[in-house]
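Undergrad: Show me how the following folds:
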Amino acid sequence: MTPARGRAASRHPRDAATDAPDLFAPAPPTGAGTAGAAPSAAGVNATGESAQEAVAVSTLTEAARDVLEGAFAPLWVRGEVSDFKAHRNGHWYFCLRDAAAQVRCVVWSRNRQRIPAPPDDGMQVSARGQLSVYTARGDMQFVVTAMEAAGDGLWRKALELSLKRLQADGLTAPERKRPIPSFPSRIAVITSPDGAALRDIIAVVRRRWPLAELVVVPAKVQGEGAPDELIAALGRVNRWGRADTVIVGRGGGAREDLWAFNDERVARTLAACTAPTISAVGHEVDTTLCDLVADLRAPTPSAAAEAAVPVLADERDRLAGLARNLRQGLTARAVDMRARLELSHRDLRRRGEQLLESRRARLEAVAGRLHALSPLATLARGFAVARGANGEPLTSARQFSPGLTFALMLRDGRVPAKATGSPELSAPDAPVSEPTE
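TA: A predicted model of the protein is given here:
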């Protein structure tokens, strides 16, 4: 590349407000009183054409910086990274070299977020920046604002570093994945309100499960500021707290277009979401950090909507089938219970009859024994019982005094009687003879 001649053709934006001293401007006229005067400390009016007009070192390095920045517009430089150092103040320092030369490079901390990951020594990169001079040392340096590695080296490295940190915290572990609700009432969709992904999700949900309410939380899905908007949208959903399922995603695009979903901050915020999450970023071949930490990864936004809701017609058919099975099951159970009840009734009746017969036999046996012991049975064998006027039994001959009236109880009636003489007592051990008339 050939540098432009003259400083006015391509000035750095900073020079629009402050002009650097022109080392080649003619010296102003010198008055009589200034002959032999020493040059000023700053060398502002010096030309460098003589010892008396010598310029200050800072003036020289600042002028060199302005010349370089004015002569070279921002450009891309290709080379191999060497001597990479990440300073504690956040700046990166390294060299870009090829077989013949090298140039010192710096990435200021404010520009680091534009670069996916720090480059490794030996990595072939293309860096975009401004050729300048570090005035404090007079070193020429290339101030880098963007960088790309051969292939996808920097992107892949950034992704690998973030993934390792997420894995170390257990955010990609299968056991932390939550099931997606089968019948959601309210679904939050975080995506661009103007993208095809949202239209696809709306069409699928309305066709499959129109009972669900879709709540769109708009956010940028690519470009500058997209990660911050995605994080803010997830925060709003968490604070709201009424979503059954959260879908976050976008349609397909280039690697750079999908990179917001590889931002580690976005992935961690998604993993901390209070509701089950579905990530649907790009196409099936695209995998992002958000896909890895979400509870479910869908290959496309349409697939995410299908995973989030069932099909209403299928659920109606399933419920109708369950109702039929329930009716059939209840009918079969009723028939079975009726048969079992009838069998139990017959068995109970048979057992009851057997028990009744057994009890009847026992009662008859007891009745026979009781009848044998009954006084009436004794009377039936010819015995009689004497009772006094008050009905008390007269069991001893001594109770019969002459003239005593009493009654004889026979098996078939009562006969009044009267003692006509004194009783005849028998020996104590003598058996009692049968009464005679």
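
Undergrad: how much space is there between the residue nearest to Thr420 when sequence neighbours are not counted and Ala386?
TA: Excluding the flanking residues, the one nearest Thr420 by C-beta to C-beta, 6 or more residues apart in numbering is Pro402, at 6.8 Å. For every residue, glycine as well, the C-beta is placed using N, CA and C. As defined by C-beta to C-beta, to the nearest Å, Pro402 lies at a distance of 15 Å from Ala386.

Undergrad: Compare those two and say which is more crowded by neighbours.
TA: Ala386 (18 against 10; other C-beta atoms under 10 Å).

Undergrad: The helix or strand hosting that one: how far from the chain's middle?
TA: Using DSSP states H and E, Ala386 sits in strand 385-387. Relative to its chain's centre, strand 385-387 lies at 102 Å (C-alpha atoms, centre = their mean, to the nearest Å).

Undergrad: Which SSE is immediately downstream of it?
TA: Assignment by DSSP H and E places the next element after strand 385-387 at strand 405-410.

Undergrad: how far is that next one from where the chain is centred?
TA: 105 Å.

Undergrad: Check which residues of that strand are buried.
TA: In terms of neighbour count (16 or more other C-beta atoms under 10 Å), strand 405-410 has its buried residues at 406-409.

Undergrad: Please apply the same query to stretch 236-254.
TA: Here stretch 236-254 shows 237-238, 243-252 as buried, counting by 16+ other C-beta under 10 Å.

Undergrad: Name the nearest of those residues relative to Ala226.
TA: Arg250 (9.4 Å; C-beta to C-beta).

Undergrad: Pull the number of nearby residues for the closest residue to the closest one other than its chain neighbours.
TA: Once flanking residues are discounted, Arg250 sits nearest to Val221: 4.0 Å by C-beta to C-beta, 6+ apart. Neighbours of Val221 under the rule other C-beta under 10 Å: 24.

Undergrad: By residue count, tell me the biggest helix in the chain.
TA: helix 312-373 (DSSP state H).

Undergrad: Show the subsequent helix or strand relative to that helix.
TA: Next along from helix 312-373, by DSSP H and E: helix 375-380.

Undergrad: Residues in contact with that next one: which ones?
TA: Contacts to helix 375-380, defined as C-beta atoms under 8 Å, 6 or more residues apart in numbering, come from residues 371, 385, 409-411.

Undergrad: Name the residues of that helix that come out as buried.
TA: Under 16+ other C-beta under 10 Å, helix 375-380 has no buried positions.

Undergrad: Now do that helix, average pLDDT.
TA: Helix 375-380 shows a mean pLDDT of 72 in the predicted model.

Undergrad: Give me the distance from the longest helix of the chain to the chain's centre.
TA: Distance, centroid of helix 312-373 to centroid of chain: 51 Å (C-alpha atoms, centre = their mean).
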